[in-house]
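K.L.:
sequence first, predicted coordinates after that:
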Amino acid sequence: MRIPFISRKDYFTPHEKNQIVEAIKEAEKQTSGEIRVFVESRCRFVNPLDRAEEIFWILRMNKTAQRNAVLVYVAIKDKQLALYGDQGIHEKVGESYWSEKVREMISHIGQRVSHAEAIIRIIHNIGGALHQHFPYNRDTDKNELPDDIVFGS
């Protein structure tokens, strides 16, 4: 299945987009893990985790050497979100970690924190977990996935 990707959406200001990308870069400086953000208007599935899993595979995020990539999925208009971690990181943190982080993100948004700020906070949290289990090694690590935000339709 192909996803129509578009270069930009008005979900975030240019400054917010830059802040999100910078948060990804900062988090990845501490780990061999990879973080990507996918944002779309509406979730095509009933369960946003199912959609996040689909996006994860379409973006080929399973191709990291240590299987330690994480997708932050947000459907703005449907007010849905999910986190999908590859096998390597999932085995380290477990299902309860992902559930807790989703609850935190929902709480941030419920406190009138912008979507951008909620995403930035979760990126920092995920970066901490990735650092703990997959610390950065300057001799072997490379950026395996793009740091940009991917926008769906």
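P.N.:
Yes, it's here.

K.L.:
skipping adjacent residues, who's closest to the residue nearest to the spatial centre of the chain in space?
P.N.:
Nearest to the mean C-alpha position of the chain, by C-alpha atoms, centre = their mean, lies Val72 at 2.4 Å. Counting by C-beta to C-beta, 6 or more residues apart in numbering, Val37 is the residue found nearest to Val72 once chain neighbours are left out, at 4.7 Å. Yep, even glycine has a C-beta here, placed from its N, CA and C like the rest.

K.L.:
also Ile123?
P.N.:
Nearest non-adjacent residue to Ile123, counting by C-beta to C-beta, 6+ apart: Ala23, 4.3 Å away.

K.L.:
can you pull the pLDDT of the residue nearest to Val72?
P.N.:
Looking at Val37, its pLDDT stands at 98.

K.L.:
now Gly110
P.N.:
Looking at Gly110, its pLDDT reads 81.

K.L.:
count of neighbours near it?
P.N.:
The number of residues packed near Gly110 is 9, by other C-beta atoms under 10 Å.
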